[in-house]
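[1] below are the sequence and a predicted model; questions follow.
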Amino acid sequence: MCLSMCCCVMEFLPYFCLVTIPLFGAFCGVDVILRVSLMIFAYILITQLIPKIMYYIIPYLNIGSLFIVMCLIPMNLIPYPVVWLYDKLLWYSDPLLQLIEVILALNFVMHCSKRATEMIEENEEEAWKWKMLLTVFSAFCYAMMVSLGLTIYKEGSNYQFWLLLFVICSSFMLAAHNMMWMSQEGIVSDVAFVSLCSMVAIYVMKEETDLLHHPLETPSSWRRYNRAQSVFSLGLAIINTTVGNASLAVQFLLKYLSPMFLVLLSVRLYSILFIIHRVIKKFELEPEKSFEEDVVSVALPWRSPVIVKFAIVFMVTQSTICLFYQCTSLAAEPSWWSATLDKIWPQDIVLGRILQIIMVNCFYIWRVYRSEDWEWSDWFSD
């Protein structure tokens, strides 16, 4: 039993290593985040390529592999072009994932609401519980919307204020439209969640533009760390860092541990797992499955742990470097089109967040009008 528990812990070693990504990033910068992330990828790949029989012959082979990768291999062994390409991949895939995650979050909530209404119709005795659940969820969404709206009103810019008014008006119009013309298809909790998503997008926009105007001061260790060190040696150097560098690094960690960022990180994690699940399901070779196999397929991504590990490491790395770039008001690589856009586009408006607001409202209206055909797409059906 003790051995099986140790094996279970070893299986999750890559997830434990993820804690080091924001920690090293706060003290040493984005370049270290990228190199540590790539070394975690290397560790996952090595443990996958090792024959399974070797784990029975050599005890704790996982820990030995981790020791070699993290304690003996210097970080400068990773070529700079690989780090550069990885940085660009993370940076330029973020806007696409922003649009995907808001759609998938709404899709999840709409499916839950639909199931709740089905339970109300099937069991009249228990209907009041489901109605209460939908009401409480709607009230929570509107309460959060009011709280975030007040913060934006007090601290936001003029452009963000007008955008706030637009979102409030569109939320009222969407709710009125559902109650008057689409009362059978539209569920009040769905409208509340759409309104909350739009308000969260504006709030995150405000936080991002605040960091743009008031960036955090970076520790001097961001520019002076030794790439010839291993990850373990770099960790020892962080322990011996100065108080001044430590206090500056803590500011980055506090941004990382903020409730809003952790919520967005959870939504991104759900989106990544959802995409993996759908992709694997799409390319399954078995045309028919038994009932038991169909039930087990709900946890399909976890049956491909390597893909899941790669995806989670990618997601955490991407969210971390994007946050730290924002904290320092730097972009991965300013281009001619971004420089041109900055001249004609207000700095207090983030285009990606505007697209999120448009996408979540358009997707909701589309789903409402196609409510009788919930199987219209394999990607968004149950």
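    Great, that's in hand. Keep in mind the model is a prediction, meaning the values are calculated, not measured. Residues are numbered from 1 along each chain as shown.
[2] show the subsequent helix or strand relative to the helix or strand containing Trp128.
    Per DSSP states H and E: Trp128 is located in helix 127-155. Per DSSP H and E, the first helix or strand lying C-terminal to helix 127-155 is helix 158-180.
[3] now that following helix: buried residues?
    For helix 158-180, the neighbour count (16 or more other CB atoms under 10 Å) marks Gln160, Leu163, Leu164, Val167, Ile168, Ser171, Leu174, Ala175, Asn178 as buried. For glycine as for every other residue, the C-beta is placed from the backbone atoms N, C-alpha and C.
[4] tell me what angle the very next helix or strand once past that helix forms with helix 127-155.
    Downstream of helix 158-180, the next assigned helix or strand under DSSP H and E is helix 188-213. Relative orientation of helix 188-213 versus helix 127-155 (axes from the mean of the first three to the mean of the last three CA atoms, to 10 degrees): 20 degrees.
[5] list the buried residues in stretch 355-375.
    Residues Gln356, Ile357, Met359, Val360, Asn361, Phe363, Tyr364, Ile365, Arg367, Val368 are the ones in stretch 355-375 that count as buried (16+ other CB under 10 Å).
[6] show residues contacting the strand or helix carrying the last one.
    So that's Val368. Secondary structure assignment for Val368, by DSSP H and E: helix 351-369. By CB atoms under 8 Å, 6 or more residues apart in numbering, the surrounding residues in contact with helix 351-369 are 95, 98-99, 102-103, 106-107, 110, 163, 167, 170, 174, 178, 182, 185-186, 190-191, 194, 197-198, 201-202, 204-205, 208, 341, 345, 380.
[7] how about it as CSV, C-alpha atoms only?
    Presented in CSV, the C-alpha positions along helix 351-369 are these (Å, rounded to 0.1, in the frame of the first residue of the first chain):
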residue,chain,number,x,y,z
LEU,A,351,-9.0,44.7,-28.0
GLY,A,352,-8.9,41.1,-26.8
ARG,A,353,-11.4,41.8,-24.0
ILE,A,354,-13.7,43.7,-26.4
LEU,A,355,-13.7,40.6,-28.6
GLN,A,356,-14.5,38.5,-25.5
ILE,A,357,-17.6,40.6,-24.8
ILE,A,358,-18.8,40.4,-28.4
MET,A,359,-18.1,36.7,-28.6
VAL,A,360,-19.9,35.7,-25.4
ASN,A,361,-23.0,37.7,-26.3
CYS,A,362,-23.2,36.4,-29.9
PHE,A,363,-22.6,32.8,-28.8
TYR,A,364,-25.4,33.1,-26.2
ILE,A,365,-27.9,34.5,-28.7
TRP,A,366,-26.9,31.8,-31.2
ARG,A,367,-27.4,29.0,-28.7
VAL,A,368,-30.8,30.4,-27.5
TYR,A,369,-32.1,30.4,-31.1
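[8] relative to helix 158-180, how tilted is it?
    Per the same axes, to 10 degrees, the angle that helix 351-369 makes with helix 158-180 is 0 degrees.
[9] model confidence over helix 351-369, on average?
    Per-region confidence: helix 351-369 scores 88 on mean pLDDT.
[10] shift numbering so it begins at 11
    Got it, first residue is 11 now, which makes that one helix 361-379.
[11] off-centre distance for that helix?
    18 Å (CA atoms, centre = their mean, to the nearest Å).
[12] out of the helices and strands in this structure, which is least certain?
    The helix or strand of the chain with the poorest confidence is helix 301-306; it has a mean of 44 (mean pLDDT, DSSP states H and E).
[13] ends of stretch 125-143, how far apart?
    The straight-line separation of the ends of stretch 125-143 (CA to CA, to the nearest Å) is 12 Å.
[14] what mean pLDDT does it get?
    Mean pLDDT, stretch 125-143: 81.
[15] stretch 246-262 too?
    On average, stretch 246-262 scores 87.
[16] same check, this time on stretch 336-350
    Mean predicted lDDT for stretch 336-350 stands at 63.
[17] same question, stretch 278-294
    Stretch 278-294 comes out at a mean pLDDT of 81.
[18] buried ones in it?
    Arg278, Leu279, Ser281, Ile282, Leu283, Phe284, Ile285, Ile286, His287, Arg288.
[19] over to stretch 262-282?
    Phe262, Lys265, Tyr266, Phe271, Leu274, Leu275, Val277, Arg278, Leu279, Ser281, Ile282.
[20] so which strand or helix has the residue nearest to Pro229 when sequence neighbours are not counted?
    Counting by CB to CB, 6 or more residues apart in numbering, Pro229 lies nearest to Asn255, which is 3.9 Å off, once chain neighbours are set aside. Using DSSP H and E, Asn255 maps to helix 253-266.
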